[in-house]
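*Asks:* sequence plus the predicted model coming up.
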There are 2 protein chains.
Amino acid sequence: MEYIHQNFDVNFKYGVHFSSHLFDPANTCLSAFLESRADAAFQKKLLVILDGGVAAAHPGLPDQITRYLSAVRGFQPAPEIITISGGESVKNDLPLVFSLVDAIDKYGIDRHSYVIGIGGGSLLDLVGFVAAISHRGVKHIRIPTTVLSQNDSGVGVKNGVNYKGKKNFLGSFAPPSAVFNDSHFLTTLDSRDWRSGMVEAVKVALIRDTAFFEWIEEKAVALTSGDMPGMQYLIFRCAELHVAHIGGGGDPFESGSSRPLDFGHWSAHKLEQLTSFSLRHGEAVAIGIALDSVYSFLLGWLDEASMYRIISVLKNMQLPVWHPLLEKQDGRPSPVVAGLEEFREHLGGRLTISLLKAIGTGAETHHMDLDLLYAAADICKKLQ
Amino acid sequence: MEYIHQNFDVNFKYGVHFSSHLFDPANTCLSAFLESRADAAFQKKLLVILDGGVAAAHPGLPDQITRYLSAVRGFQPAPEIITISGGESVKNDLPLVFSLVDAIDKYGIDRHSYVIGIGGGSLLDLVGFVAAISHRGVKHIRIPTTVLSQNDSGVGVKNGVNYKGKKNFLGSFAPPSAVFNDSHFLTTLDSRDWRSGMVEAVKVALIRDTAFFEWIEEKAVALTSGDMPGMQYLIFRCAELHVAHIGGGGDPFESGSSRPLDFGHWSAHKLEQLTSFSLRHGEAVAIGIALDSVYSFLLGWLDEASMYRIISVLKNMQLPVWHPLLEKQDGRPSPVVAGLEEFREHLGGRLTISLLKAIGTGAETHHMDLDLLYAAADICKKLQ
């Protein structure tokens, strides 16, 4: 039997830039990036898709964006900025996916041109998916506007939309061309978004970086009260750890079952869905971190003092550490606990759950003891 | 301004296997591949999507596939084989995309499981796209059944479907896990598909491999008459050259404008569309190769004798070298020639057209002289 072997590497690189007031004419962060990608032989195009919530919180922003981009040499912005709503619900709207594909067609966005998404993680997930499937992938730039998207999802390589109620059922891995984190957008976040976005930093510190956890622990109250320089450092270090994991972890496109960055997330995804997203993602993850930290303690992996420190940090951030759906309901299993099997199906293959051996050291298990899990939930209830 | 740099490589590898009677229980080519990917900890799943034309030409094939896959250790085939029509029209059916996504959901095809497409290039393009966007990419195996898909599209890394009449507007780059070329499927091809599929071998020989062109030249009449061992060598060498170009050309996911493998294709895509696909892809490419070879001669790049040899090979394969749509229509431009600008838009950026410096040596131009192009079309008309 004859055989041909194909084997090649594809290199992906992008920068995560940190700035403020990106569309101020004096700020050359974005324009310098674009101009470095210009081609003397032809004009490249730009299409902006903007979160309506961000537009409402920053009056005049669309005009400012238009003026800014019109001045970039070698680029031609589309004649309109497309404004859509943000939040998780934007990922449930398949007709919207196709209306954005239509805009890419209408405005002649080709494989040398850029789609720029400005908004929270959900909008960026949607825009990234639309860009990834149009013309076999047009370039996209992410401008995340929330704590959560600036420190986690916005700096990563995934996109996706929900399909028939299944979270991220449609999506792909498609690294952005660049990410621009603008701290000014954080000033108009509501308090729940500000606070809950910090939980991904707690998560990544717990599995990777003891010193960062200790810094967060010391600053938790100040951060929660609105300390902006503190928040900027938290976002930078959290983004840096996420970027390092994706690029250095050996499996950027997640071909295996291991998802260390999903610590605290198996129950969080289910809680978000069961509460119809009335829980913020970060609030659900706070509960998930509390549950899996206490479970790690009951398993004998994590010492008791560390467990209490973790719960304290979350409470100092005014985040929940327990939810009634973690309990058995009239003798029937907790619907969150029942979601373990769904999580296994989502990953495919063996159940793989991230737990803690110590603060700063994650570890994985392939088996969850349900009695121990209910006992952990009971401790979270008492500690809330 | 702070900055984080992300930089990583993703490795892609897959084998292109050549066999015959793949689903014969005695043939271990496919089963050995699958069993090498089994995991003792859990069952992986298989979902087969089969071209209805292939099923009709090979009665009993679905049962044979079911028996074969049921015997593979570590894998569980879905309870049904999904049969859909083949041909270009299958790529115009967006509801079909979603019905196949639904099947992936229904049968629990996760990121460790495999979707197996069996059919011509269009079916494989559709199945590859469905696999690429489900669960951020489930694995897929290609079993191409035509000359064209076995020697060209089926061994590559692209997928796609048409959208609102635009060819491959939706799609991605997603290498298969493996390709299995089964020569037995070629025995039931009709004569037009058998002959026209060979043209991609002529194309790649012209731009890359003088000796292969000379071999094709010598064998053209025999190949056209149904020489199976000759066809097997033609497919192998053509696939090998395509695989080498994709893996070794430095741009497997086509981030630039250069498309050397698209020699003869700019006019072919337009001819297919203008004739509502009554011209086979290979027939349209034969015309495109003739046109661009004669144009290369008129430009002074290719010598006259080589030009005549190219036309002769195509004619010996009983393939067309001219079409009335290459002429001006009542004084208005030829609609094919007018398609040059559309081709530029498709690539984005500068117009980049592959031409010939010699048999075996491709070269690119960024400018097409329209008078010279009409003169070339006129010569093709006389030589037909």
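*Replies:* Thanks, I have the structure now. In this text the structure is predicted, and so the values were computed from the model without any measurement. Numbers count the residues shown, from 1 in each chain, chains lettered A, B, ... in the order given.
*Asks:* switch to C-alpha atoms for all contacts and neighbour counts from now on
*Replies:* Fine.
*Asks:* spell out which parts of the stretch 101-250 of chain A neighbour chain B.
*Replies:* Proximity of the stretch 101-250 of chain A to chain B, by CA under 8 Å from any CA of the partner chain, involves residues A:108, A:110-112, A:132-137, A:160, A:168-173, A:240, A:243-244, A:247-248.
*Asks:* among the residues you listed, which are in strands?
*Replies:* A:168-170 (DSSP state E).
*Asks:* against residue B:10, how distant is residue A:239?
*Replies:* According to CA to CA, to the nearest Å, residue A:239 and residue B:10 sit 21 Å apart.
*Asks:* so what's residue A:258 closest to, chain neighbours aside?
*Replies:* Nearest non-adjacent residue to residue A:258, counting by CA to CA, 6 or more residues apart in numbering or on different chains: residue A:352, 6.3 Å away.
*Asks:* residue A:261 is in contact with the one you found, correct?
*Replies:* No: the criterion here is CA atoms under 8 Å, and residue A:352 misses it with residue A:261 at 11.9 Å.
*Asks:* just checking, what packs against the lowest-mean-pLDDT helix or strand in chain A?
*Replies:* Every helix and strand of chain A was ranked by mean pLDDT, DSSP states H and E. The lowest is helix A:335-347, at a mean of 83. If contacts are counted by 3 or more CA pairs under 8 Å, 6 or more residues apart in numbering or on different chains; DSSP states H and E, helix A:335-347 sits against helix A:265-274.
*Asks:* strands of chain A, start to end?
*Replies:* Under DSSP E, chain A gives strands at A:3-19, A:44-51, A:75-77, A:82-84, A:114-119, A:139-144, A:161-163, A:166-170, A:178-182, A:353-358, A:361-365.
*Asks:* rank the ones you listed by pLDDT, which is bottom?
*Replies:* Of all the strands of chain A, mean pLDDT reaches its minimum on strand A:166-170 (a mean of 91).
*Asks:* buried ones in that one, by neighbour count?
*Replies:* A:167-170 (16 or more other CA atoms under 10 Å in any protein chain shown).
*Asks:* got the contact list for the residue of the stretch 151-300 of chain A at minimum distance from chain B?
*Replies:* Across the stretch 151-300 of chain A, the shortest distance to chain B (CA to the nearest CA) belongs to residue A:172, at 3.9 Å. Residue A:172 sits next to A:129, A:132, A:158-160, B:132-137 when contact means CA atoms under 8 Å, 6 or more residues apart in numbering or on different chains.
*Asks:* recalculate using a threshold of 7 Å.
*Replies:* A:129, A:158-160, B:132-133, B:136-137 (CA atoms under 7 Å, 6 or more residues apart in numbering or on different chains).
*Asks:* kindly report the same for residue A:289.
*Replies:* Contacts of residue A:289 (CA under 7 Å, 6+ apart): A:263-264.
*Asks:* leaving out the residues flanking it, which one is nearest to the residue positioned nearest the centre of chain A?
*Replies:* Centroid-nearest residue in chain A: residue A:153, 2.2 Å away (criterion: CA atoms, centre = their mean). Nearest residue to residue A:153, sequence neighbours excluded (CA to CA, 6+ apart): residue A:121, at 6.1 Å.
*Asks:* pretty sure residue A:84 contacts residue A:52?
*Replies:* Yes: counting by CA atoms under 7 Å, residue A:52 is a contact partner of residue A:84 at 5.3 Å.
*Asks:* what pLDDT does the residue nearest to residue A:171 when sequence neighbours are not counted get?
*Replies:* Using CA to CA, 6+ apart and skipping the chain neighbours, the partner closest in space to residue A:171 is residue A:160 (3.7 Å). The score at residue A:160 is 97. That number is its pLDDT.
*Asks:* do the same with residue A:1
*Replies:* For residue A:1, the model assigns a pLDDT of 63.
*Asks:* any stretches of chain A with poor pLDDT?
*Replies:* Judged by pLDDT under 70, chain A has its weakly predicted residues at A:1.
*Asks:* need the contact partners of the helix ranked longest in it.
*Replies:* Secondary structure of chain A per DSSP state H: the longest helix is helix A:228-248. With CA under 7 Å, 6+ apart as the contact definition, helix A:228-248 has outside contacts at A:147, A:150-152, A:155-156, A:201, A:204, A:223, A:252, B:4, B:6-8.
*Asks:* need these in CSV (columns: distance to residue B:346).
*Replies:* Shown next, in CSV, are these (distance: CA to CA, whole Å):
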residue, distance to residue B:346
A:147, 38
A:150, 33
A:151, 36
A:152, 34
A:155, 29
A:156, 28
A:201, 42
A:204, 42
A:223, 49
A:252, 30
B:4, 33
B:6, 29
B:7, 28
B:8, 28
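*Asks:* okay, and which of the residues you listed map to helices?
*Replies:* Counted as lying in helices by DSSP H, out of these, are A:147, A:150-151, A:201, A:204, A:223.
*Asks:* out of residue A:239 and residue B:10, which sits in the busier spot?
*Replies:* The residue with more neighbours, out of residue A:239 and residue B:10, is residue A:239; 26 against 14, by other CA atoms under 10 Å in any protein chain shown.
*Asks:* distance of the more buried one from residue A:215?
*Replies:* Computed as CA to CA, the residue A:239 to residue A:215 distance reads 16 Å.
*Asks:* check residue A:377 too.
*Replies:* From residue A:377 to residue A:215 the distance is 27 Å (CA to CA).
*Asks:* cool, and residue A:192?
*Replies:* Taking CA to CA, one finds residue A:192 at 21 Å from residue A:215.
*Asks:* returning to that earlier point: residue A:377 and residue A:215: which is more packed in?
*Replies:* residue A:377 (26 against 13).
*Asks:* I figured the more buried one hits residue A:292, correct?
*Replies:* No: using CA under 7 Å, residue A:377 is not in contact with residue A:292; the gap is 9.0 Å.
*Asks:* what touches both of these two?
*Replies:* Counting by CA under 7 Å, 6+ apart, residue A:377 and residue A:292 have no common neighbour.
*Asks:* which residue ranges make up the domains of chain A?
*Replies:* A:15-188, A:191-383 (automatic domain parsing).
*Asks:* quick check: closest non-adjacent residue to the residue in the stretch 251-384 of chain A positioned nearest to chain B.
*Replies:* Using CA to the nearest CA, residue A:348 is the residue of the stretch 251-384 of chain A that sits closest to chain B, at 5.1 Å. Computed as CA to CA, 6+ apart, the closest residue to residue A:348 that is not its neighbour in sequence is residue B:110, at 5.1 Å.
*Asks:* buried residues, stretch A:218-237. List them.
*Replies:* So for stretch A:218-237, counting by 16+ other CA under 10 Å, buried means A:219-221, A:223-224, A:228, A:230-232, A:234-237.
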